[in-house]
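J.: 3D model of this:
(4 chains)
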There are 2 protein chains.
Amino acid sequence: MATIIEVAAAAGVSTATVSRVLSQPGRVAEATRAKVMEVVAALDYRPNVAARTLRTLRAAKILLTVPDISNPFFASVIRGAEEAARDAGYAMVLGDTRHDPEVEDQYAEMLSRREVDGLVFLGHRLPASLEALVARQGASAPIVNGCEYSPEIGVPSVHIDNAAGSADAIEHLVQLGHRDIGVITGPPISPISRDRLTGALRAAERHGLKDRLCLREGDYGADSAHRAARELLAEGVTALFCFSDEMALGAISAVGAAGLSCPRDVSVIGFDDLPLARFFHPALTTIAQPKGMIGRRAVELLVGILRGIEPVERQLTLAHELIRRTSTGPAPNTR
Amino acid sequence: MATIIEVAAAAGVSTATVSRVLSQPGRVAEATRAKVMEVVAALDYRPNVAARTLRTLRAAKILLTVPDISNPFFASVIRGAEEAARDAGYAMVLGDTRHDPEVEDQYAEMLSRREVDGLVFLGHRLPASLEALVARQGASAPIVNGCEYSPEIGVPSVHIDNAAGSADAIEHLVQLGHRDIGVITGPPISPISRDRLTGALRAAERHGLKDRLCLREGDYGADSAHRAARELLAEGVTALFCFSDEMALGAISAVGAAGLSCPRDVSVIGFDDLPLARFFHPALTTIAQPKGMIGRRAVELLVGILRGIEPVERQLTLAHELIRRTSTGPAPNTR
DNA sequence: CCTGCGGATGTAATCCTTTACATCACCCCT
DNA sequence: AGGGGTGATGTAAAGGATTACATCCGCAGG
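T.: Okay, the predicted model is just below:
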């Protein structure tokens, strides 16, 4: 691999000139520029990134960690984030933490070691090794949280109003005449789960149904929801609100396995609006999150911090939307 | 951020000793080691990766590019690959190319610039900028192809026997009495699609059904399959073989939309065995790929090349498996 | 004709780590 | 006691790019 020294020699100029041709072409005479570019092409020269990073202390990279790459929800967020990063001149490095704090820490090390300039993390845990960084740098720490939101970690974040979205789901079911509603939640350790639960309870309370809500804890995976739904169906619920579309799929599967029909006997509503949700059978009613926009805004926030711009809003709440499809219908007793 | 020089000064040793403590602790006296480690902890020192990479010409990173991060199929492959990379002491950088040759090239640049030591790509296209590299380095080029396989690109690869898997699917349907079988393929540009088509045709031929197969081209997404299935159902097929589980979901959705029932009126069989496939309604019969193992073996192959070991087998064919669930059943006319 | 200025280019320090080689102290053996 | 070996540590040279500062040249203005 050719180095800048060889290029300089071949073009009969100094390395400084070659460097300038590549990074600030305007500051070089046209003839020189052309000559250098010719040699660059001939030698197939590519600047060594390690050397550049070492010198400039800037990696031009952003790290995005997701807790579970197999969750299609994150795919759309990733897309949005990557586009925004590209727009801002950053490359995006993607890490799958598998909900494992140890792996999260390993990725966080990339920031400590300056392998990347900033971090967008989509989980709910700020890696331990970065707490000191946040404490030290405060608002200028190049870290942004996406999807989730924990005020106590002191990091800017982008998310929807999960409590409100959850309330909308309950409201929708109540409107359809459902009174016996099962809720399959997420692990309470995640603020998202807690917010959604709060919202669901609040909405139920408005209709005097708070104590009638049947709660079961899921883990956002179809499997856990399948089991939880089986139990809830045995208790006679006519509607199931799942904290994720994937869990809703598991719930629908349980409805069928119980010899019941969705939505005739049991309505199911999800959360996220996965691209596949409209192909579920029946097509899934769900609360849509602006997934791409969450990713995009999170990166934009981060880039702002990297450029030294204190964000006006450190908490960005984007709009959600109830998508009505065919997995929800009138409660059986109301027909 | 502390540097090795500050650590050396604080510990009263030379930078060489600090470096040795960190990378080859055995070659340093115990007392010195302890002292240095103490200072390292006190100063929260982390080696600068750029400097290390520059000096060693080794990034300790592997790049994995996937054509579509939103396809859950790849999630399992990624997991396997990451585990193998970790085992071998490499970090994994993940790139989503969105089937875009331009983006593929951008990621390939990371290899040219030595930002990463090697590349595992899961698409079917070798980025143009790497063709020269392969031509020059031949078998020692640190590039491995996963899932797909194109002999002409001259790169080692890990995959299943797609033709055989496809044949198994057709065989399964024929065994159930189906004669009018619709096949929703993938874009013929992908070798995978071509192999699967070949296999399907060969199996059909064995039963004298070759000309009776109804073919429609899909793009591996649910949407395209939904449309294709609608057309095929109008032609009266009793079974649909889809080249991906995602397409199978779209097909099942079309079966329902046509007022038919799966599997009573129409059987559907997919390909891949996504984690969610067993929660489809009905649960999907499909050809399972050893996804995690594909990722793992691909990385192991790459690591072998990076260590200078010429692989014995440059093409690794792993075993697939027919998973019988409830989306396939006897042909209606045979009951 | 001299001065000064601006544009183009070169010189060389710097970023931080690794490692080949040099050095040094100490011990064992003859 | 001297020579040779061994183990621990230091010295200093890369590794490749960027950039502050220096230099040089030509030209315009006085």
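J.: so which residues of chain A form helices?
T.: Applying DSSP state H to chain A gives helices spanning A:4-11, A:15-23, A:30-43, A:49-56, A:72-87, A:101-112, A:128-137, A:162-175, A:191-206, A:222-234, A:245-257, A:291-306.
J.: most tightly packed of these?
T.: Stretch with highest mean neighbour count among these: helix A:245-257 (a mean of 27; mean count of other CB atoms under 10 Å in any protein chain shown). C-betas here are computed from N, CA, C, even on glycine.
J.: what's that helix packed up against?
T.: helix A:72-87, helix A:222-234, strand A:239-242, strand A:267-272 (3 or more CB pairs under 8 Å, 6 or more residues apart in numbering or on different chains; DSSP states H and E).
J.: for that helix, the averaged confidence score.
T.: Averaged over helix A:245-257, pLDDT sits at 97.
J.: specify the angle between that helix and helix B:72-87 in degrees.
T.: 120 degrees (axes from the mean of the first three to the mean of the last three CA atoms, to 10 degrees).
J.: chain center to helix A:245-257: distance?
T.: Using CA atoms, centre = their mean, to the nearest Å, the mean C-alpha position of helix A:245-257 is found 23 Å from that of the whole chain.
J.: same check, this time on stretch A:77-84
T.: Distance, centroid of stretch A:77-84 to centroid of chain: 9 Å (CA atoms, centre = their mean).
J.: I'd like the average pLDDT over that stretch.
T.: 94.
J.: among the helices and strands packed on helix A:245-257, which is nearest chain B?
T.: Across those, chain B has its closest neighbour in helix A:72-87 (3.4 Å, CB to the nearest CB).
J.: remind me what that closest one packs against, helices and strands.
T.: Other elements packing on helix A:72-87 under the criterion 3+ CB pairs under 8 Å, 6+ apart are strand A:61-66, strand A:91-96, helix A:245-257, helix A:291-306, strand B:91-96.
J.: distance to B:R296 added to the ones you listed, as TSV?
T.: Below are these laid out as TSV (distance: least, CB to CB, whole Å):
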stretch	distance to B:R296
strand A:61-66	20
strand A:91-96	15
helix A:245-257	25
helix A:291-306	29
strand B:91-96	12
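J.: dump the helices of chain A into CSV; add distance to DNA strand C as well.
T.: Converted to CSV, those look like this (distance: least, CB to the nearest atom of the strand, whole Å):
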stretch, distance to DNA strand C
helix A:4-11, 7
helix A:15-23, 3
helix A:30-43, 3
helix A:49-56, 4
helix A:72-87, 25
helix A:101-112, 11
helix A:128-137, 16
helix A:162-175, 41
helix A:191-206, 36
helix A:222-234, 44
helix A:245-257, 42
helix A:291-306, 18
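J.: same list (those helices) but as TSV, adding distance to B:Q315.
T.: Listed next are the helices of chain A as TSV, based on distance: least, CB to CB, whole Å:
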stretch	distance to B:Q315
helix A:4-11	37
helix A:15-23	40
helix A:30-43	34
helix A:49-56	32
helix A:72-87	30
helix A:101-112	32
helix A:128-137	42
helix A:162-175	48
helix A:191-206	45
helix A:222-234	35
helix A:245-257	35
helix A:291-306	37
